[in-house]
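> Predicted coordinates and the sequence they were generated for:
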Amino acid sequence: METELRLHLDWKPNYCIGYERFDAEHEELFMFANRVIEAIHENQAQGLVEGEIINLQNHIEAHFLNEEITMAEAGYGWFTEHRAAHKAELDRLRTYIADFISKPLEAAQVHGFLERFLLGHIQRDDSRYVSTLTARGGMLTEI
């Protein structure tokens, strides 16, 4: 039973990239991911689970757009590459969601995918642009 309780994505301070606005958005994405995992784990109706998944996808898309606008305003030198990474990540997410809808997975499988997806985005991709944003003093246009 304790294994079941661990089907939760824990936000940890060391996940912070050092840019407060996006750290808050990243933490919020963990919350939405946990709602998906919990809905699956609690065997909620497929329509409710799919609603939570689409909600998470919408928040991820909005977050990526926020990042792209902010990076463009800051003159981030690797903007094109980061935007391409976002597109690839969204394509991967959409494929996973389509596969899930056609053949639902266990909560543990979804947990693993979302953990890798979110942490990969934060630790691999987002940690690269922080110095550009903070060099501007964090005084970028809020969206």
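That came through, no problem.
> roughly how far apart are Q46 and A135?
Distance of Q46 to A135, given as Cβ to Cβ, to the nearest Å: 47 Å. Every C-beta, even on glycine, is put in place using the N, C-alpha and C of the backbone.
> Give me the three-state assignment for the spatially most central residue of the chain.
Nearest residue to the geometric centre of the chain (Cα atoms, centre = their mean): L118, 4.4 Å. Assigned by DSSP: H, G, I helix; E, B strand; the rest coil, the conformation of L118 is helix.
> check contacts around it.
L9, H26, L29, F30, A33 (Cβ atoms under 8 Å, 6 or more residues apart in numbering).
> now swap in A107 and tell me
A107 makes contact with L7, I37, E38, I40, H41, according to Cβ under 8 Å, 6+ apart.
> Who are the packing partners of whichever helix or strand the third one is part of?
Right, the one you point to is E38. In the assignment (DSSP states H and E), E38 maps to helix 20-41. Helices and strands touching helix 20-41, by 3 or more Cβ pairs under 8 Å, 6 or more residues apart in numbering; DSSP states H and E, are helix 46-74, helix 107-119.
> Would you mind giving these as CSV with mean pLDDT added?
Formatted as CSV, these follow (pLDDT from 0 to 100):
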stretch, mean pLDDT
helix 46-74, 94
helix 107-119, 94
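> Good, we can wrap up now.
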